[in-house]
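> Any chance you could fold what I've pasted below:
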Amino acid sequence: MTRLHSAARFAGLLACIALLQGAAAAPALAAPDLIIYGDYVLTMDPQQPEIRDGAVVIEDDRIVALGPRKDIDARYVAPRSLGGAGRIVMPGLINGHTHTAMTLFRGMVDDLDLMTWLNQYVFPMEGRFVTPAFIRAGTGLACWEMIQGGTTTFVDMYFYPDDIAAVVQDCGLRAVIGAPHIDYPSPGFKGWEDSFAAAEDFVRRWQGRHPRITPAFAPHAPYTVVPQHLRATVEKAAELQAPITMHLAEAPAESAFIAEHYQSTPVQHAARLGLYGQPLIAAHMVQLNDEDIALTARAGVGAIHNPTSNMKLGAGISPVPAMLAAGVSVGLGTDGAASNNDLDMWEEIRMAALLHKVDSGDPTALPAAQALAMATRLGAAAIHQAGEIGQLKVGMQADVIQVAVDKTRHQPLYDISSHLVYVLDSTDVVSTVVAGRVLMEERRVLSMDEAVLRKQVAERSVEIRAALLEQTEKTEQGDN
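Purely as a prediction, here's the structure:
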């Protein structure tokens, strides 16, 4: 072998050694559980609102990193990932007020004012049909719809909360579950005493029991619960450090009732009883004056705007722009499917943005980005979970969705917030992740059995249909 060949071989050997040494010295890539990619990452964090060609890194139930794809891929490799071509990655939506099991009453009766709708149809049908089996089927149907639409957290108020919690536990969503109590007989209860006792028992048993479930007290409304009972709720909620969710200032009939019986507005009545001294999630908040708004802002009460339900029941238009200007955390909710008639939060976002433009005559009122914040960051603050959900930030819960923007009807795309509010809808959500668990991937729900669910719903809808015909005939005879 020539001296030249020997030198070449020696140089090659040195290069190999250097390469191996370099590889050994390079830091190992971290191995999280899941990486979610997107052409756009909309964080809803005002400090870092948008990342182009980015990714979110998830370990267990938390976000551990986010940033441009090239930076993430240089630091992490995960056993599972969700591809991001033609996708917007953003926080899951927050439905701040609903009655999930009322999906089984969807379309049961429409086009009535609130009190007629409640007293002549809803309350009688609830008394006849609401059982634990009804609750499980209706809540399951609601959770399926919400998973498909990108809702990752909801605030519920309905009967048999243990059964609601069981469905939530299984399907993977996050929920604040309010145990209802009311002065009148209701499904499973004779009146206030037993329903309030059951609510306290539910809150005690579920506090700290499951990381995705927050138990709450849910007195129905100030026109169905007398002052001394509302004070009892306040005292017990304070003792247990539990939130309260209730209907408040929902409709003109409520305002008239409170004015006649207590010489007050619903908001000021609730505040005098101590409700404004607790973590309160106040649903609807339609009938407010300037003093009510200022009081709500000072107290840190979360207000939940339900535009579709309020319009459908003729309840009025909530002064959302004024509340936002005063510093109130305003979220969005669908209400129950009996008065909406769906649980589509994208519809609520768009309705809110449009409604307040036409109400004020100002096209700059409630711009797209603000409407979107009400379903995410502001919605989280309204339900008193701002530190955990509603934004994509390191350390926060991994509640993340992917929304498709790759269809022909999505083109062209200039502004992400505008597109999300005015162009896209619930069918464009392709993946839903809660606490790091993939509940839906490419429109296929993974955490629920659709065939079993459809069978349960069909069985109960047959019975309800027959009873509805009977109830309608009774109502018409009474009118005559």
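> neighbours around the residue nearest to Gly302 when sequence neighbours are not counted, how many?
Among residues not flanking Gly302 along the chain, Ala382 sits closest, at 3.2 Å (Cβ to Cβ, 6 or more residues apart in numbering). Where C-beta positions appear, they are placed from N, C-alpha and C, glycine not excepted. Burial of Ala382 is recorded as 29 neighbouring residues (other Cβ atoms under 10 Å).
> I figured Ala382 hits Met323, correct?
No: counting by Cβ atoms under 8 Å, Ala382 stays clear of Met323, with 10.3 Å between them.
> Could you check how far whichever strand or helix holds Val457 is from the centre of its chain?
According to DSSP states H and E, Val457 maps onto helix 450-479. Mean-position distance between helix 450-479 and its chain equals 28 Å (Cα atoms, centre = their mean, to the nearest Å).
> which stretches of the stretch 1-150 of the chain form strands?
For the stretch 1-150 of the chain, strands defined by DSSP state E, counting those that start in this stretch occupy the ranges 34-42, 50-59, 62-68, 81-82, 87-91, 93-98.
> picking that back up, which strands or helices does the helix holding Val457 pack on?
helix 123-129, helix 132-149 (3 or more Cβ pairs under 8 Å, 6 or more residues apart in numbering; DSSP states H and E).
> lowest-confidence stretch among those?
Mean pLDDT is lowest for helix 123-129 among the helices and strands packed on helix 450-479, at a mean of 89.
> Now do the contacts for the closest residue to Leu392 other than its chain neighbours.
Leaving aside its chain neighbours, Leu392 sits nearest to Thr43 (4.1 Å; criterion: Cβ to Cβ, 6+ apart). Contacts for Thr43 (Cβ atoms under 8 Å, 6 or more residues apart in numbering) come out as Pro49, Glu50, Ile51, Leu66, Met90, Pro91, Gln391, Leu392, Lys393.
> burial count for the closest residue to the third one other than its chain neighbours?
Closest residue to Ile51 apart from its sequence neighbours, by Cβ to Cβ, 6+ apart: Val41 at 4.0 Å. The number of residues packed around Val41, counting by other Cβ under 10 Å, is 28.
> Next: Ser447.
17.
> would you say Phe154 is within a helix?
No: secondary structure of Phe154 (DSSP: H, G, I helix; E, B strand; the rest coil): strand, not part of a helix.
> Ala259 touches Thr265, doesn't it?
Yes: look at Ala259 against Thr265 with Cβ under 8 Å: they come within range, at 7.3 Å.
> Alpha carbons of stretch 65-84, as PDB, please.
Backbone C-alpha positions of stretch 65-84 (Å, rounded to 0.1, in the frame of the first residue of the first chain) are rendered in PDB as follows:
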ATOM      1  CA  ALA A  65     -43.500  23.600  24.400                       C
ATOM      2  CA  LEU A  66     -44.800  25.400  21.300                       C
ATOM      3  CA  GLY A  67     -43.100  27.300  18.500                       C
ATOM      4  CA  PRO A  68     -42.100  27.100  14.900                       C
ATOM      5  CA  ARG A  69     -42.000  23.600  13.500                       C
ATOM      6  CA  LYS A  70     -38.300  23.600  12.700                       C
ATOM      7  CA  ASP A  71     -37.500  24.500  16.400                       C
ATOM      8  CA  ILE A  72     -39.800  21.900  17.800                       C
ATOM      9  CA  ASP A  73     -38.500  19.100  15.400                       C
ATOM     10  CA  ALA A  74     -34.900  20.000  16.500                       C
ATOM     11  CA  ARG A  75     -35.800  19.400  20.100                       C
ATOM     12  CA  TYR A  76     -38.500  16.800  20.300                       C
ATOM     13  CA  VAL A  77     -39.600  13.500  18.800                       C
ATOM     14  CA  ALA A  78     -42.900  11.900  19.800                       C
ATOM     15  CA  PRO A  79     -44.500   8.500  19.300                       C
ATOM     16  CA  ARG A  80     -47.600  10.200  18.000                       C
ATOM     17  CA  SER A  81     -48.300  13.300  16.000                       C
ATOM     18  CA  LEU A  82     -51.100  15.100  14.200                       C
ATOM     19  CA  GLY A  83     -50.100  16.400  10.900                       C
ATOM     20  CA  GLY A  84     -50.600  20.100  10.200                       C
END
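> What lies in contact with that stretch?
29-39, 41, 43, 51-57, 392-394, 402, 431, 433, 438, 441.
> Now list the buried members of those.
In the contacts of stretch 65-84, burial by neighbour count holds for 32-39, 41, 43, 51, 54-57, 392-393, 402, 431, 433, 438, counting by 16 or more other Cβ atoms under 10 Å.
> Using a markdown table, lay out the strands of the stretch 1-150 of the chain together with distance to Ala218.
Output for the strands of the stretch 1-150 of the chain, formatted as a markdown table (distance: least, Cβ to Cβ, whole Å):
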| stretch | distance to Ala218 |
| --- | --- |
| strand 34-42 | 32 |
| strand 50-59 | 32 |
| strand 62-68 | 29 |
| strand 81-82 | 35 |
| strand 87-91 | 25 |
| strand 93-98 | 10 |
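> Just send those back as CSV, with mean pLDDT too.
As requested, those are exported to CSV (pLDDT from 0 to 100):
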stretch, mean pLDDT
strand 34-42, 98
strand 50-59, 98
strand 62-68, 98
strand 81-82, 98
strand 87-91, 98
strand 93-98, 98
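> Relative to Gln370, which of these is closest?
strand 34-42 (13.9 Å; Cβ to Cβ).
> For the closest one, which helices and strands make contact with it?
strand 50-59, strand 81-82, strand 87-91, strand 400-404, helix 416-422, strand 429-434.
> Just the buried residues of the third one, please?
Going back to what we said before, that points to strand 87-91. So for strand 87-91, counting by 16+ other Cβ under 10 Å, buried means Arg87, Ile88, Val89, Met90, Pro91.
> Break the chain into its domains for me.
Annotated domains of the chain cover 28-90+398-441, 93-389 [automatic domain parsing].
> Most tightly packed of those domains?
domain 93-389 (a mean of 21; mean count of other Cβ atoms under 10 Å).
> circling back: tell me the bridge partners for the residue nearest to Ile51.
Ile51, Val89 (DSSP bridges).
> Could you pull up the residues touching it?
With Cβ under 8 Å, 6+ apart, Val41 has these contacts: Glu50, Ile51, Arg52, Gly54, Ala55, Val56, Leu66, Ile88, Val89, Met90, Leu392.
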